[in-house]
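[1] 3D, please:
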Amino acid sequence: MSGRRFRGANILLHVYDLNAVNSVSYDFGIGVFHSGVEIAGTEYTFGGHESSGSGIFNHAPKEAPNAQFRVTIDMGETDKSNSDINAEIASLGSHFTGDSYHIVLKNCNHFSNELCLRLTGKAIPRWVNRLAGYGSLVSCILPKNLGVKNPESADIQNQSTMGPSYTPFAGAGMALSQA
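    Here you go, the predicted structure:
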C-alpha cells in the first residue's frame, strides 16, 4: 500500500482556538490559532521541545490537545502516494525541529502552510497566522524564548506543544541607543 496514490484525497486544515478572545476577534480576521493538516485520517502538526529532532507529531483529527476545535478547511486534493507524503513530512522534520519552534517566527501554522503547499500547491488562509505575521514586524523587540518551555528538561512527553509557555518580556532585553 505504500505506493497507493491518494489521487482525489482531500487535504484538510483543522483550525483550533487557543484563546477565548477568538470568540470576538475571529470576525475581524485575527486570533490566536493552532492548526494541523489531516491526511488520510491522521492529523499532523508542529510543536516545540528542547530537542533538535523533528517537532512534527500526529494525533487523531480534530483532537489537538489544549485547543478548542473551530473549523475545517478543505485545502484541495493531492495525487501524491503514501510514500511521497511520508517523504515530504520527513523532509519538513529537518526544518521544523523541536528547538526551532517560535510562536511568532516558526509555529504550527507555518508548518501547516508549508505542508499544504507541498501537497496541494495552496497556501492556508492568511487569517490563520495573521497575528504571528503582525508579531514578526516587531520580532526584534520580542523575547527570544517564545518557544520551548523548559530547555533544561529532556522529557518532552510531559510538555504541552500547543502554544507558548514563557514569561513575557523575560531576558536581558536590548538597548535601542548608546546614550
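[2] Neighbours of residue 42, how many?
    Neighbour count for residue 42, taken as other C-beta atoms under 10 Å: 12. (Glycine included, C-beta is placed from N, CA and C.)
[3] Spatially nearest residue to it (excluding sequence neighbours)?
    Using C-beta to C-beta, 6 or more residues apart in numbering and skipping the chain neighbours, the partner closest in space to residue 42 is residue 58 (5.0 Å).
[4] just checking, that neighbour touches residue 41?
    No. In this structure, residue 58 is not within contact of residue 41 by C-beta atoms under 8 Å, at 10.2 Å.
[5] okay, the two: which has more neighbours?
    Each of residue 58 and residue 41 has its neighbours counted (other C-beta under 10 Å); residue 58 has more, 14 against 8.
[6] With just CA atoms, put the host helix or strand of the more buried one into CSV.
    Taking DSSP states H and E as the definition, residue 58 sits inside strand 56-59. Taking C-alpha atoms only, strand 56-59 is exported to CSV below (Å, rounded to 0.1, in the frame of the first residue of the first chain):
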residue,chain,number,x,y,z
ILE,A,56,6.3,17.3,13.9
PHE,A,57,3.8,15.0,15.7
ASN,A,58,0.4,13.5,14.9
HIS,A,59,-2.9,12.8,16.6
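[7] Could you list the buried residues of it?
    56-57 (16 or more other C-beta atoms under 10 Å).
[8] One more: stretch 100-114?
    101-104, 106-114.
[9] Off-centre distance for that stretch?
    The gap between the average C-alpha position of stretch 100-114 and the chain average comes to 4 Å, counting by C-alpha atoms, centre = their mean, to the nearest Å.
[10] Angles on the backbone of the residue nearest in space to the middle of the chain, please.
    Geometric centre of the chain, nearest residue: residue 108, 0.4 Å, by C-alpha atoms, centre = their mean. Phi and psi for residue 108, reported as degrees, to the nearest 10, are phi -60, psi -30.
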